[in-house]
Structure formats: C-alpha cells, structure tokens
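[1] This is a predicted model, with the sequence first.
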Amino acid sequence: DSGVTQTPKHLITATGQRVTLRCSPRSGDLSVYWYQQSLDQGLQFLIQYYNGEERAKGNILERFSAQQFPDLHSELNLSSLELGDSALYFCASSPGGLAKLFFGSGTQLSVL
Amino acid sequence: EDQVTQSPEALRLQEGESSSLNCSYTVSGLRGLFWYRQDPGKGPEFLFTLYSAGEEKEKERLKATLTKKESFLHITAPKPEDSATYLCAVQSNYGGSQGNLIFGKGTKLSVKP
C-alpha cells in the first residue's frame, strides 16, 4: 500500500459529461502529480501541485483542470469528455521532488 | 525532444533464467533516471533512482545500471513473482520537463515456473 488514495476506482460516463477524480496524498507529502496512462501513449504527465500551488504543467488539455486544497488532497476535473479520454488516471505524491513518487491505484475512466 | 525507449516490449523467461531490460534515453541534461515496477491494476511502484553514468543500484534479484545513453535492469534468477511491467523514466535538467518524469512504454516481463 503506497499510502496514496484515489477515488473512485472505476468511472463510466458518456461523451460530453464532466467528472471529478479525487486523490489523497501520503501523510505529510506536499506534492501531488497527476498522470494519464493509455495503452498507446504510456504514462503521460498532466500537472503538479505543491502545497496548494500549481508547480508544473505537462500535456494537460484545456478541458482538464486540477486543484489542491488546504488539506493537500487534490481533484482532477475532466469536462466535455471524449472517447479518447478513456484511460487510467494516476495520482502520485512525494515530499517535494521527483526522486521517489508514490502512486495511487488509479481511476479507470471509461467514456462511452 | 526528450524521449525514452524501452526494449523489448515483452519478455518471457523461465524461472531462474537471467536477462536484462533496456532503457535508451535522449534528454537535455539528465537529472535522474528512474525504474518503476507496475503490477496489473495497480500504480507504479518505485524501484531505483540513478543520477550519473557508472552508477549501479541493487535490490534483491534486480540490479540497475546507467550509461550516458541507456540504462539496464538486470534480473538475476527471476521468480514468477517478478512478473510485472517495468517502467523507465527520466527527468531533465532543463525546460518544461523539469517538473515531470518522461516515461517509456515499459517492458512486460512474464516469468514462468
């Protein structure tokens, strides 16, 4: 158990809808990272937050947004969903840098 | 553009048959190279971080090595429980990738008893 909790584990929705994925980092970890994993692209970095502030942005679509709350949990919001957004979404946390990330078990998103 | 290529895509071994997985990378100044293990339905689990050419790290049956262009994950006398997908990732010193890891697509290892 990595100590990172993601909910829900599975999410099935329709095109055009909006969903929210939730992540609780390990106790004491200030950094939260979001990754998308698909069969053809592998693990792709989306966005990083550190202690409530956006720190780095990767290949995140404009339809996607994230935030980190004062209690350090984070949410990833996906809107106007398309079939191609179907993927595994992982959250990871670390005390600060990238030397060692702890990943959650992921949210499997299926857009029908 | 920073890039990570892993080979082979899949590897089948008999229990006890040692082998190596390859990770070739192109990066604008390597800050770190990382190996993760991923089991089906789970998130990646950290194995090693390597920072400079010539560095080696070991953990049980696994040994990771690093050169200026590639890294190898050597698996000695593997057991069925070593079956997993092994992911390699790099972090660059420069540009927009400072805040993230660039992952390869992984090598799926199957170890048969």
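    Thanks, I have the structure now. Values in this document were obtained by computation on a predicted structure and should not be read as measured data. Numbering: from 1, shown residues only, chains lettered A, B, ... in the order given.
[2] How much space separates the closest residue to residue A:30 other than its chain neighbours from chain B?
    Excluding the flanking residues, the one nearest residue A:30 by C-beta to C-beta, 6 or more residues apart in numbering or on different chains is residue A:51, at 4.6 Å. Quick note: C-beta positions are derived from backbone N, CA and C, even for glycine. If you measure residue A:51 against chain B using C-beta to the nearest C-beta, to the nearest Å, the figure is 14 Å.
[3] Same check on residue A:12?
    From residue A:12 to chain B the distance is 16 Å (C-beta to the nearest C-beta).
[4] How about residue A:55?
    6 Å.
[5] Just give the number of residues close to the residue nearest to residue A:30.
    When counting by other C-beta atoms under 10 Å in any protein chain shown, one arrives at 12 neighbours for residue A:51.
[6] which helices and strands sit right next to the helix or strand bottoming out on mean pLDDT in chain B?
    Taking mean pLDDT, DSSP states H and E as the measure, the helices and strands of chain B show their lowest mean at strand B:102-103, namely a mean of 92. Contact partners of strand B:102-103 among helices and strands, from 3 or more C-beta pairs under 8 Å, 6 or more residues apart in numbering or on different chains; DSSP states H and E: strand A:42-50, strand B:3-7, strand B:84-92.
[7] Near chain A, which residues of chain B? Just list them.
    By C-beta under 8 Å from any C-beta of the partner chain, the part of chain B that sits against chain A consists of B:32, B:34, B:36, B:41-46, B:49, B:87, B:89, B:91, B:96, B:98-106.
[8] quick revisit: so which of the helices and strands packed on strand B:102-103 is the most surrounded?
    Among these, judged by mean count of other C-beta atoms under 10 Å in any protein chain shown, the one packed with the most neighbours on average is strand B:84-92 (a mean of 23).
[9] who does that strand pair up with?
    In the sheet containing strand B:84-92, its partner strands are strand B:30-38 (antiparallel), strand B:102-103 (antiparallel), strand B:107-112 (antiparallel), by DSSP bridges.
[10] what angle separates it from strand A:42-50?
    For strand B:84-92 against strand A:42-50, the angle between stretch directions is 50 degrees (axes from the mean of the first three to the mean of the last three C-alpha atoms, to 10 degrees).
[11] neighbouring contacts of strand B:84-92?
    Under the criterion C-beta atoms under 8 Å, 6 or more residues apart in numbering or on different chains, residues A:42-43, A:98, B:2, B:4, B:6, B:21, B:23, B:25, B:27-39, B:44, B:47, B:71, B:73, B:97-98, B:100-104, B:106-109 lie in contact with strand B:84-92.
[12] Restrict that strand to CA atoms and write it as CSV.
    Output of strand B:84-92 as CSV, limited to C-alpha atoms (Å, rounded to 0.1, in the frame of the first residue of the first chain):
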residue,chain,number,x,y,z
ALA,B,84,5.2,-7.3,-14.0
THR,B,85,5.7,-4.3,-16.3
TYR,B,86,8.9,-2.5,-15.7
LEU,B,87,8.9,1.2,-16.5
CYS,B,88,11.8,3.5,-17.1
ALA,B,89,11.6,7.3,-16.7
VAL,B,90,13.9,10.3,-16.9
GLN,B,91,13.9,13.8,-15.5
SER,B,92,15.6,16.6,-17.4
